[in-house]
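1. Next input, structure requested:
(2 chains)
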Amino acid sequence: MLNQKSITKHTTRARVKIIKSVLWAGFTFAFLGAAFIYSGLYPVGADTQHNKLTYALLETVREQSIARASSSVKVPDLSNPDLLLAGGPDYNEMCATCHLKPGVEQSDMSIGLYPTPPNLAKDRTLGLADLESAQRDFCIIKHGIKASGMPAWGPTHDDARIWAMVAFINKLPNLATEHYQILTARGEDDSGSHH
Amino acid sequence: MKYILSIVTLIFALSTNAFAHDPSMHKADAEKPDCAAMHDTKLDASDPVMLAMQKKCESKMQMEHHEEAQAESKPHAKADPKPMQCTMEHEKMGHCEMMADDAEVDAEVDAKSEEHNEAHDAGTSENH
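-> Numbers count the residues shown, from 1 in each chain, chains lettered A, B, ... in the order given. Presented below is the predicted three-dimensional model:
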């Protein structure tokens, strides 16, 4: 017959055993992780792609972060043609090398950067309403995206200028090469670029 | 050595134009809009793209006229609303150069552009 005392002793011993193995597992995991990091085996070169898991993880972090930051952004009226005249030349000079333009399918940047800069002259399938996609674009342009080629333009450009580029990007997939040329030519007149 | 360093720093600090992202920076490689191509399009007349192109091409023509007029008679800097553009586009614009021999106007333009840069800097710190 078992008495009460020996039962308690038994369960306590079992608990200690479990805690010990959890701790060991934790240590082993941390050690292997550190060993991997310091081994230098992880390829950071932009010419090797992430594996699917890493990519999915990073993408989720990115989209959740942008969605959260952009949900409170107030979108101004973007239909004013002046915005296109202000945003066009800026886009052409600051963005087209990476994000391309009508009639240009690749550049050194679009090939060499990873993550690849999306071709903004093509329709993007974001699955967002117009308002949300404007909020998203604004946030991305203003704050950039860490550890990708996408710079933050906010520190050097005011909101009005960023909104003008958002308006321009909205129209960009529908622009013919000639229209793009007219809208983006800085020319002598620069009426649109009040900031 | 310290002296050289401070001079170099000073030069950098004063040459804000080299860092401020003013559209006039790009004036050197300015390209003219090819307005002839505007008309072969299926765009609706009320499309913002069409309106923007019209505006661009219209103001381009106006500018050309304006420059001709300026070449003939030297404008009075304060009366004419157009020279305001010089403050935005600095000395790189053709017709500002034309006025550059007028030292007073030049000084005013510089002062304005300083102001303008400061306003710009202040503007970037709001929200987010």
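2. Can you list the buried residues in stretch A:71-87?
-> By 16 or more other CB atoms under 10 Å in any protein chain shown, the buried positions in stretch A:71-87 come out as A:73, A:75, A:78, A:80-87. For every residue, glycine as well, the C-beta is placed using N, CA and C.
3. Name the residues of chain A found near chain B, please.
-> A:69, A:79-82, A:84-85, A:88-90, A:93, A:142-143, A:154-159, A:171, A:174-176, A:178-179, A:181-183, A:185-191, A:193-195 (CB under 8 Å from any CB of the partner chain).
4. all helices of chain A, in order?
-> For chain A, the helices defined by DSSP state H occupy A:4-39, A:52-70, A:81-94, A:96-99, A:108-112, A:130-143, A:159-171, A:177-184.
5. Tell me how many other residues surround B:Ala52.
-> Neighbouring residues of B:Ala52 were enumerated by other CB atoms under 10 Å in any protein chain shown; the total is 26.
6. which residues touch it?
-> For B:Ala52, the residues meeting the contact criterion (CB atoms under 8 Å, 6 or more residues apart in numbering or on different chains) are A:81-82, A:84-85, A:88, A:183.
7. If you rank every helix and strand of chain A by mean pLDDT, what lands last?
-> Taking all helices and strands of chain A together, the one with the lowest average confidence (mean pLDDT, DSSP states H and E) is helix A:4-39, at a mean of 92.
8. Quick one: distance of that helix to the chain centre.
-> 39 Å (CA atoms, centre = their mean, to the nearest Å).
9. distance of the residue nearest the centre of chain A from A:Tyr114?
-> Among the residues of chain A, the one closest to the centroid is A:Ile145, at 4.6 Å (CA atoms, centre = their mean). With distances defined as CB to CB, to the nearest Å, the gap from A:Ile145 to A:Tyr114 amounts to 13 Å.
10. these two touch, right, A:Ala152 and A:Ile140?
-> No: with contact taken as CB atoms under 8 Å, A:Ala152 and A:Ile140 are classed as non-touching, separated by 9.2 Å.
11. of the two, who's got more company?
-> Neighbours per residue (other CB under 10 Å) separate A:Ala152 from A:Ile140, with A:Ile140 holding more: 20 against 14.
12. tally of neighbours for B:Ser46?
-> The number of residues packed near B:Ser46 is 7, by other CB under 10 Å.
13. Tell me, what's the model's pLDDT at it?
-> You'll see B:Ser46 listed with a pLDDT of 85.
14. And for A:Phe27, the neighbour number?
-> Under the neighbour criterion other CB under 10 Å, A:Phe27 is assigned a count of 10.
15. any idea how far it lies from chain B?
-> Computed with CB to the nearest CB, to the nearest Å, the distance linking A:Phe27 and chain B is 41 Å.
16. Repeat that for A:Leu128.
-> Looking at A:Leu128 against chain B, where the rule is CB to the nearest CB, the gap reads 20 Å.
17. ok, that residue touching A:Arg136?
-> Yes: the pair A:Leu128 / A:Arg136 is scored as a contact, 6.5 Å apart, by CB under 8 Å.
18. the more surrounded of the two?
-> A:Arg136 (20 against 15).
19. Might you report the residue contacts of A:Pro81?
-> A:Pro81 makes contacts with B:48-49, B:51-52, B:55, as judged by CB under 8 Å, 6+ apart.
20. Next one: it, what pLDDT does it get?
-> 95.
21. swap in B:His120?
-> The predicted local confidence for B:His120 is 47.
22. ends of stretch A:101-109, how far apart?
-> Between the opening and closing residues of stretch A:101-109 lies a distance of 13 Å (CA to CA, to the nearest Å).
23. Now do the buried residues in it.
-> Buried residues in stretch A:101-109, defined by neighbour count with 16+ other CB under 10 Å: A:101-102, A:107.
24. before we move on, what about stretch A:113-122?
-> By neighbour count, and taking 16+ other CB under 10 Å as the criterion, the buried residues in stretch A:113-122 are A:115, A:117, A:119-121.
25. Would you mind splitting chain B into its domains for me?
-> B:35-81, B:82-121 (automatic domain parsing).
26. weakest of these in terms of mean pLDDT?
-> Going by mean pLDDT, the lowest-scoring of the domains of chain B is domain B:82-121, which has a mean of 43.
27. Good, we can wrap up now.
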